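Asks: Quick check, what structure comes out for this input:
(one chain, ligands or ions: 1)
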Amino acid sequence: EESKKWVLTVTAQTPTNIAVIKYWGKRDENLILPINDSISVTLDPEHLCTTTSVAVSPSFDQDCMWLNGKEFSLAGGRYQRCLKEIRSRACDYVDEKKGIKITKKEWENLHVHIASYNNFPTAAGLASSAAGFACLVFALAKLMNVKDDLGTLSSIARQGSGSACRSLYGGFAKWIMGKNDNGSDSIAVQLADEKHWDDLVIVIAVVSSRQKETSSTTGMRETVETSMLIQHRAKEVVPKRIVEMEEAIKNRDFPSFSRLACADSNQFHAVCLDTLPPIFYMNDTIISCVEKWNRSEESPQVAYTFDAGPNAVLIARNRKAAALLLQRLLFFFPPHSDADLSSYVIGDKS
Ligand code: 2P0
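Replies: A predicted model of the protein is given here:
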């Protein structure tokens, strides 16, 4: 019984990421292999992040998870795959002070307890699976003394949720779609670290707290099955944009960054509209506001991008532009108004 008393714990924190060249569409649903590369910016850890503690003990008799304090089933294939991949890479662990020794073989039979928290309201419909799976995979890898590099960990996080592979890095990351059928080369790499372009200020406008109507997984499946535009996007448009976006990030070229991010968000939503039945995610009033403002200046001040929901992600070129952006948002969307934000017609007022 004495030997059953120890518990080993690891805690990790991972921010979510926002794609500026979007992932939409899979070529393999099981392994989560995409039809195009994507590029994202990872938020600072204090905003929209997941904190996950993982523990292992010989006294645990099954794997369990709690999400925001509530028991959460690990039965889903995506969780099982991540757990299996990490367990298969576990290495011998020795802590002589505590008298703990776990061999590679023993890890396979030890159960884990996982407690995960999001520091943002899950109900707001903001992407949580990216931060969640990245954090889970990273914490489990540390716990089980996995020695593989971040690229390999990213390919495991990818099997939890595609966008999660990009959240293992700060700054800017690229998810390379890869060529192999087994997914071994579908990994994320860091393009630039968090210090490279720290003038940028990211503002997330929570337009609606309603849960999205079409999940990303279902939405992208239907797009691949029914949209003709998606093939053109994946094969012709995105490969060129990836090259240009990498260059814009490298040179901190905000006009190109803004042009590419806005255009890619708009094409992603055009592809959604081209899906049968059509999918509507974004809120176009904020787009008109930003487009109008950017056109009235010598060069763009703000980039916008929308994911699979109506909340706007606005990237201001610097703090001054961010302050002006907040003024505009607060003017058009007063915080205590009861009206649905989407009913404001910004274009008429600015
Ligand atoms: C992205 N999105 O690149 C794109 C843009 C939403 C729009 O990745 O099925 O939750 O788990 O791989 O990663 C959302 O899709 O989908 C997403 P799965 P995921 O960020």
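Asks: shaky segments in the chain?
Replies: 1-4, 121-127, 208-212, 336-350 (pLDDT under 70).
Asks: Please identify the residues of it in proximity to the ligand?
Replies: 19, 22-24, 32, 38, 129, 161-163, 216-217, 307-308 (CB under 6 Å from any ligand atom). In short, each C-beta sits where N, CA and C put it, glycine included.
Asks: what's the farthest-apart pair in those?
Replies: Farthest apart among these by CB to CB are Ile32 and Asp307. That separation is 16.7 Å.
Asks: ok now do the nearest residue to Gly160 once chain neighbours are set aside, which residues does it touch?
Replies: Sequence neighbours aside, Phe133 is the residue nearest to Gly160 in space, at 3.1 Å (criterion: CB to CB, 6 or more residues apart in numbering). Contacts for Phe133 (CB atoms under 8 Å, 6 or more residues apart in numbering) come out as 78, 82, 157, 160-161, 164, 167.
Asks: so the residue positioned nearest the centre of the chain is in which element?
Replies: Centroid check for the chain by CA atoms, centre = their mean gives Ala130 as the closest residue, at 3.6 Å. In the assignment (DSSP states H and E), Ala130 maps to helix 129-143.
Asks: Of all the residues in that helix, which ones are buried?
Replies: Neighbour counts over helix 129-143 (16 or more other CB atoms under 10 Å) mark 129-141, 143 as buried.
Asks: for the stretch 201-350 of the chain, what spans make up the strands?
Replies: For the stretch 201-350 of the chain, applying DSSP state E, counting those that start in this stretch gives strands covering 201-205, 302-306, 312-316.
Asks: got those strands as JSON lines, with mean neighbour count columns?
Replies: Supplementary listing: those in JSON lines, determined by neighbours: other CB atoms under 10 Å:
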{"stretch": "strand 201-205", "mean neighbour count": "17"}
{"stretch": "strand 302-306", "mean neighbour count": "24"}
{"stretch": "strand 312-316", "mean neighbour count": "23"}
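Asks: I'd say Val56 and Val7 touch.
Replies: Yes: Val56 is within contact range of Val7, at 7.3 Å (criterion: CB atoms under 8 Å).
Asks: Between those two, point out the one with more neighbours.
Replies: Val56 (23 against 13; other CB atoms under 10 Å).
Asks: For beta bridges, what are the partners of that one?
Replies: Leu8, Val112 (DSSP bridges).
Asks: quick one, what contacts it?
Replies: Residues in contact with Val56 (CB under 8 Å, 6+ apart) are 7-8, 102, 110-113, 143-144.
Asks: how about a cut-off of 10 Å?
Replies: Contact analysis of Val56 by CB atoms under 10 Å, 6 or more residues apart in numbering lists 6-10, 63, 90, 93, 100, 102, 107, 110-113, 140, 143-144.
Asks: same deal with Pro45?
Replies: Counting by CB under 10 Å, 6+ apart, Pro45 has contacts 13-15, 51, 119, 131, 170, 194.
Asks: so which of these comes closest to His232?
Replies: Looking across these and measuring by CB to CB, the closest to His232 is Ala131, at 31.5 Å.
Asks: Might one say that that closest one is in contact with Ala139?
Replies: No: applying CB atoms under 10 Å, one finds Ala131 not in contact with Ala139, separated by 11.9 Å.
Asks: if we can go back for a sec, overlap in contacts of Val56 and Val7?
Replies: Joint contacts of Val56 and Val7 (CB under 10 Å, 6+ apart) are 100, 113.
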